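Student: Quick one, fold the following:
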Amino acid sequence: MLSNETKKALREQLESFGGQVKRLGIDHRDEARALFKSLKLDGAIKAITPLEYKSEDILELASHKLREYEPVFAVDGGSTRPKVLENGTTICAMQAVLCGNDEQELNGLPLEAYRSLAFVSHSRRLDLGGADAELFDVNEFSHLWKIHIPRTYLEHEVERVVGGIARAAAESYHTLRMLTALELDQSFFILDGNLYPIGLYYYFAGGKANGHFDAQSNWSEWPPAIEILAQPIHVVEAFAERGLAFAALNKNPGTSWLLEFTLKPEAQNWSSDAQFVKAVLSQTKKDQLGYTNWFVQEEYSLPQRTSEEGPATFDLFEKLRAFGLKRPARDYHTCFFYVYDPRVLSVLKVEVPRIILQQHDPDKLQSKFLSEIARGKGVPPAIRRADSRARITEEEAAALIKACGVELDYHYDHSRGELI
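Tutor: Model prediction:
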């Protein structure tokens, strides 16, 4: 707890800071709205539909019925999150589930009876074996990716890579698997999270070392890594081949590409695009949803963020040819718009590959997604249902770790406790 003296000192500093902000005489919300109207959209990010932001009544949005985009399905995954064991091994288990807005069946069984799982491990111990990846049937309903990555393939940002591989292996595989099994001629799919694991794609494109691309990214040269990381790309291709609509919902967008590519450095006064968009849409009434137009991101930042040795941006998908792209790189570019739901005070980012936006009317797709968000209070009903079926509780995670027989490494937390 804070002592009375500390509380007083902090209160005085906060009052001083608040006074300094007020003396600037700048309303950050008005500032954000003015900046939005003057976004520079001739570079890495462009506007697909006219630059604008607006709001619509939630009840009216919820009543929208677009028969060509029914039924609605959602794929979500639940994981143990990467766990570090005392012997230096990092593990992560994940399962993916498909659900519909309503109870639906496949071959006489509920959709959620079908599961795709991934168990990913990484260890610096070479006596645990070399690199290995195997996909097999647990039973007639569940499939499992078993993946081990040794230190010869991965040395840095282990937890991030292990978690990302687990998600791509489970969720993308399950989407492809169920899309084939359902044999749909029309529908609307919602994938939870980012459209692509862009951070991992950066590493695959060359890796990062000392702020520059590093060609010695060994794990990205491992064939199973190529196969697994290519799955989100194949999801795009599968939907495009069938002419079906889908979108990814990023509930916690943390990137700042819109700020970086469309505003001058001196105007980048927010820590993320979501924070900026929330300021832009802050006047949205509680019975409305606020949203922006569609954008497309065609390029990403080079790690060194400088133009001294060439362009400061590059087309990431041009560097992913090893995935066996069936279409031109531009077809995979991420199109997106932002939504602000004042009921939960959150900004959502809706992502769609360009090829899908070319096959389906952007206004209709936007209307459909807004309708699902309006019905679900921040999260579409199908996503909420899939999340509840896929979630792995802390108790379940603890039981799985106990079954492993190797203790978790709590040293860091315990050390912090001793120091405090």
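
Student: Without its sequence neighbours, what residue ends up closest to the most centrally placed residue in the chain?
Tutor: Nearest to the geometric centre of the chain sits Asn194, at 2.4 Å (Cα atoms, centre = their mean). Taking Cβ to Cβ, 6 or more residues apart in numbering, and ignoring the residues beside it in sequence, Asn194 has Asn250 as its nearest neighbour in space, at 5.4 Å. Placement of C-beta: from N, CA and C, glycine included.

Student: Could you count how many residues lie near that neighbour?
Tutor: Other residues within reach of Asn250, judged by other Cβ atoms under 10 Å, total 20.

Student: Am I right that it is in contact with Tyr196?
Tutor: No. No contact is recorded between Asn250 and Tyr196 when judged using Cβ atoms under 8 Å, the distance being 10.8 Å.

Student: Pull up the overlap in contacts between these two.
Tutor: Contact criterion Cβ atoms under 8 Å, 6 or more residues apart in numbering; no residue bridges Asn250 and Tyr196 by contacting each.

Student: Give me the packing partners of the longest strand seen in the chain, helices and strands only.
Tutor: Longest among the strand segments of the chain by residue count, using DSSP state E, is strand 90-100. When contacts are defined as 3 or more Cβ pairs under 8 Å, 6 or more residues apart in numbering; DSSP states H and E, strand 90-100 packs onto strand 72-79, strand 83-84, strand 115-123, helix 158-167, helix 173-182, helix 381-390, helix 394-404.

Student: do you know which of those lies nearest Thr152?
Tutor: Nearest to Thr152 among those is strand 115-123 (10.8 Å), distances taken as Cβ to Cβ.

Student: Only the buried residues of stretch 392-405, if you could.
Tutor: Residues of stretch 392-405 classed as buried: Ile392, Ala397, Ile401 (neighbour count, 16 or more other Cβ atoms under 10 Å).

Student: my bad, stretch 108-119
Tutor: Taking 16+ other Cβ under 10 Å as the basis for neighbour counts, the residues of stretch 108-119 that come out buried are Leu111, Glu112, Tyr114, Arg115, Ser116, Leu117, Ala118, Phe119.

Student: Run through the strands of the stretch 201-350 of the chain in chain order.
Tutor: In the stretch 201-350 of the chain, the segments counted as strands under DSSP state E, counting those that start in this stretch are 208-209, 212-213, 245-250, 288-292, 295-297, 300-301, 313-314, 334-341, 346-353.

Student: My guess is His234 contacts Tyr173. True?
Tutor: No. In terms of Cβ under 8 Å, His234 does not count as a neighbour of Tyr173; the distance is 9.4 Å.

Student: Tell me which of these two has more neighbours.
Tutor: Shown here are His234 and Tyr173; by other Cβ under 10 Å, Tyr173 has more neighbours (23 against 18).

Student: In this structure the more buried one contacts His143, no?
Tutor: Yes. In terms of Cβ under 8 Å, Tyr173 counts as a neighbour of His143; the distance is 7.1 Å.

Student: How many residues are close by the nearest residue to Arg330 once chain neighbours are set aside?
Tutor: Closest residue to Arg330 in three dimensions, ignoring its sequence neighbours and counting by Cβ to Cβ, 6+ apart: Arg354, at 6.2 Å. Around Arg354 there are 22 other residues, counting by other Cβ under 10 Å.

Student: Dihedrals phi and psi, Arg354?
Tutor: phi -60, psi -40 (degrees, to the nearest 10).

Student: For it, list the residues it contacts.
Tutor: Val296, Arg330, Asp331, Tyr332, His333, Thr334, Cys335.

Student: Quick check: pLDDT value at it.
Tutor: For Arg354, the pLDDT comes out at 98.

Student: mind checking how far Leu106 is from Ala245?
Tutor: 20 Å (Cβ to Cβ, to the nearest Å).

Student: neighbour-wise, which of these two wins?
Tutor: When Leu106 and Ala245 are compared on other Cβ under 10 Å, the one with more neighbours turns out to be Ala245, at 24 against 16.

Student: tell me the pLDDT at the more buried one?
Tutor: In this model, Ala245 is scored at 97, pLDDT.

Student: quick one: Thr6 from Leu14, how far?
Tutor: Per Cβ to Cβ, Thr6 is found 12 Å from Leu14.

Student: which neighbours do those two share?
Tutor: Shared contacts of Thr6 and Leu14 (Cβ under 8 Å, 6+ apart): none.

Student: Looking at strand pairing, list the partners for Leu117.
Tutor: When assigned by DSSP bridges, Leu117 has beta-bridge partners Gln95, Leu144.

Student: show me what contacts it?
Tutor: So, once contact is read as Cβ under 8 Å, 6+ apart, Leu117 ends up touching Ala93, Met94, Gln95, Ala96, Val138, Ser142, His143, Leu144, Trp145, Ala170.

Student: what are the bridge partners for the residue nearest to Asn194, then?
Tutor: The residues paired with Asn250 through beta bridges, assigned by DSSP bridges, are Lys349.

Student: got a list of what it touches?
Tutor: Counting by Cβ under 8 Å, 6+ apart, Asn250 has contacts Gly193, Asn194, Leu348, Lys349, Val350, Glu351.

Student: and the nearest residue to Val84 once chain neighbours are set aside, what does it touch?
Tutor: Excluding the flanking residues, the one nearest Val84 by Cβ to Cβ, 6+ apart is Asp409, at 4.8 Å. When contacts are counted by Cβ under 8 Å, 6+ apart, Asp409 touches Val84, Leu85, Glu86.
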